[in-house]
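Asks: Attaching a predicted model along with its sequence, questions to come.
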Amino acid sequence: MPTSMSSPSLRIPIEILSQPAFSQFGTVIENPAHSKLSPSERGPPPASVAANQGSALKYLDVTHLTNLYSLAPSKKPARAVMNMFVCSPRDLRPHEPSSSMPSSWGDIDLDASDDDNDGGRRLFDVRILERHPFTTQTFIPLGLGQNDKHTQYLVIVAPTLPASAVKKGRDRPPPYPTPGLKRKSKSSYREIFARARPSPFTNSTSPPPPSFSRLHPSQRPKGPGLPDLKNIRAFIATGSQAVTYGAGTWHAPMVVIGDKVVDFVVVQFANDVGMEDCQEVELKPEGSGEGVVVQVDMDPGGRVLVKAGVGSVRAKL
């Protein structure tokens, strides 16, 4: 049984999936030449070099693969795994007027009718979020073209609440140590001397940076907190984009919108210890509210209209 938490009634607009907007959650993998955003909107491209006797352009370090299983309670080593998820299109329910709060991420009209856009408005209910506390997870779509007009997929993510927001006495261990958390074990003499300045080992007058501070923000441990539902976000992706969730990032299972199945190759680490590989939280609406809902507006061709962030309203992915 997954952990459950009460969910406020909140409607989320859709944003374009771009690296600047997604940075705190992970990495967007795409060929910059295929992006519909301007260079300033999509951020700087990764470094590149010529390859294959000059017949190819090789982009370097396009995502961050992280294995944090050394921090897992079981200490059981992990291995790299590659799976395939065959994802069917999700059922969307018809739009209906709501008393839900609009998300702070976009200016959306909750009570607009289907007549306000020629394609119609549909709703997707977010009922579960998951995280992989010790590993990144990369989803690579197969057989979905960049210009596919009838099938896209949503990437739904949420920040992590501070550790202090976690209820005391929860019957499961935290997913990993919160950075900066003091250890209860007695320090060794070497550790004590290492904190002295200048250091007796290096003569350095400044303390070494914490190991986590050298990581990309999306790679750093997130702590044991539950998802921050008031800051949940939804991005629409094309077939030319893959996505990496940073270790510990709360996200919804993949959501395909349209009329065909999408195959995703998924790359991650795993040690086969259930709670260390994957943790889930079930979202239960408060009272008679509808809970967390992604608002999906479509044009006559069935393509999703972007209502928030870079390229909003004008963009049709």
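Replies: Yep, it's here.

Asks: Quick one: the helices in the stretch 1-150 of the chain, in order.
Replies: Taking DSSP state H, counting those that start in this stretch as the criterion, the stretch 1-150 of the chain contains helices spanning 19-22, 39-42.

Asks: Dump those helices into a markdown table; add mean neighbour count, distance to N147 and mean pLDDT as well.
Replies: Glycine gets a C-beta too; all of them are placed from N, C-alpha and C. What follows is those, written out as a markdown table (neighbours: other Cβ atoms under 10 Å; distance: least, Cβ to Cβ, whole Å; pLDDT from 0 to 100):
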| stretch | mean neighbour count | distance to N147 | mean pLDDT |
| --- | --- | --- | --- |
| helix 19-22 | 20 | 21 | 93 |
| helix 39-42 | 14 | 17 | 82 |
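
Asks: which residue packs closest to Y153, ignoring adjacent ones?
Replies: If you skip the residues right next to it in sequence, Y153 has V256 as its closest partner in space, 4.9 Å away by Cβ to Cβ, 6 or more residues apart in numbering.

Asks: What residues are bridge-paired with the one you found?
Replies: When assigned by DSSP bridges, V256 has beta-bridge partners P89, Y153.

Asks: can I assume it is in contact with D91?
Replies: No - the criterion here is Cβ atoms under 8 Å, and V256 misses it with D91 at 10.9 Å.

Asks: So for those two, which sits in the more crowded spot?
Replies: Each of V256 and D91 has its neighbours counted (other Cβ atoms under 10 Å); V256 has more, 20 against 8.

Asks: What residues does the closest residue to V273 other than its chain neighbours make contact with?
Replies: Nearest residue to V273 in three dimensions, chain neighbours excluded: S74, at 5.0 Å (Cβ to Cβ, 6+ apart). Contacts were defined as Cβ atoms under 8 Å, 6 or more residues apart in numbering; by that measure S74 touches 271, 273, 276.

Asks: Next, the contact list for the closest residue to V304 other than its chain neighbours, please.
Replies: Spatial nearest neighbour of V304, chain neighbours left out: I236 (4.9 Å); criterion: Cβ to Cβ, 6+ apart. Residues touching I236, when contacts are defined by Cβ under 8 Å, 6+ apart, comprise 14-17, 152-155, 257, 304, 306, 317.

Asks: All set now, cheers.
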